[in-house]
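Participant: Sequence plus the predicted model coming up.
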Amino acid sequence: MQNRPKHALRAAKLLLDQHDKNISFSSLPSHLAPTTESGAYAVQSELFELRKPRLGSIAGYKVALTSEVMQKLLRFPSPFSGPLHNKLIYTDGASLAPDDYGRVCIECEIAAVLKTDLLPRELPYNATDIAKAIDTIAPALEIVDDRNANYDRISDEVLTLIADNAWNAGLVYGQMIKDWRELDLAELQGTVYINDKLVGTGYGRDVLGHPFNALSWLANKILEQKQVIEAGMIVMTGTMITTQFVKSGDHLTFSIPELGSVSIEIS
């Protein structure tokens, strides 16, 4: 991570304090709130560094706001990204304690593991480039902590949301598979059940038209920020299905027949 302006560090320390005290999400104070997207990512970078001793080093990246509907809702014209801590990466069947979060939400995605580095270059990466760089994929669940955000005003707080590591609180992934290249990922249908009740469906095409479109956007964004994307990292494609709000006692399962399933318990 690069050195950042002092005000970004102060903002990140305030966000960390809010997390530690389980304070509800809201915009940062005006003297610390980022006013540009680049400023928001500067705070995000500092927050990641502050949390690294506790949550671990970088394991990969997430992408958010990959649907036109959500971009219109938040009045933000593009996706945004966030890094993943390696101690917040869990395998299928993980159990979460809701008291560890302000408010835990689950997003249903595809996770991919890279087999090669994505290096800086003149031409931007496209979906075909991304496909060549990927080793394995799996159904996955992003753990999101919105800290009881007020969605009536969230469109005014997007830059703070980005600064707050895009609300990422971890991910759970299913069995990684290598034999995926003959699949049409855009046409894959996913379903999510909570306590054996169907609560949502979606398709790979619901993520910027194709999951690898989302990952090409992510790769170009990360490299624009002068960060690295290395072989072995996990990258998330964005949610195929509406965010699910879960509570204590819930069991959630996300399935894509061609890829398998992944589950999580809310204890």
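Facilitator: Yep, it's here.

Participant: I figured residue 112 hits residue 234, correct?
Facilitator: Yes: Residue 112 is in contact with residue 234 according to Cβ atoms under 8 Å; the separation is 7.1 Å. The way it works is simple: take the backbone N, C-alpha and C, and place the C-beta from them, glycine included.

Participant: For those two, indicate the residue with more neighbours.
Facilitator: residue 112 (28 against 21; other Cβ atoms under 10 Å).

Participant: Now do the same contact list for that one.
Facilitator: 134-137, 211, 215, 234-237 (Cβ atoms under 8 Å, 6 or more residues apart in numbering).

Participant: number of nearby residues for residue 164?
Facilitator: Residue 164 has 27 nearby residues by other Cβ under 10 Å.

Participant: I should have written residue 236 there, sorry.
Facilitator: Residue 236, neighbours per other Cβ under 10 Å, totals 30.

Participant: Show the low-confidence segments of the chain, by residue range.
Facilitator: For the chain, the stretches flagged by pLDDT under 70 are 1-4, 69.

Participant: the strands in it, which residues?
Facilitator: Under the criterion DSSP state E, the chain contains strands at 58-64, 80-85, 89-91, 94-96, 104-114, 134-145, 168-173, 189-194, 197-203, 234-236, 244-245, 251-256, 260-266.

Participant: Select, out of these, the one closest to residue 159.
Facilitator: With Cβ to Cβ as the criterion, residue 159 lies closest to strand 80-85 of the strands of the chain, at 9.4 Å.

Participant: Note down every partner strand of that closest one and its orientation.
Facilitator: strand 58-64 (antiparallel) (DSSP bridges).

Participant: then the strand it pairs with to CSV, C-alphas only?
Facilitator: The C-alpha coordinates for strand 58-64 follow below in CSV (Å, rounded to 0.1, in the frame of the first residue of the first chain):
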residue,chain,number,x,y,z
ILE,A,58,-4.1,-8.9,1.4
ALA,A,59,-5.7,-12.1,-0.1
GLY,A,60,-7.5,-10.5,-3.1
TYR,A,61,-10.2,-8.1,-4.0
LYS,A,62,-13.9,-7.6,-4.2
VAL,A,63,-16.0,-5.6,-6.6
ALA,A,64,-19.3,-4.0,-5.7
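
Participant: Could you tell me the angle between that strand and strand 134-145?
Facilitator: On the basis of axes from the mean of the first three to the mean of the last three Cα atoms, to 10 degrees, strand 58-64 is oriented at 70 degrees to strand 134-145.

Participant: Would you mark the buried spots in strand 58-64?
Facilitator: The neighbour-count check on strand 58-64 (16 or more other Cβ atoms under 10 Å) flags 58-64 as buried.
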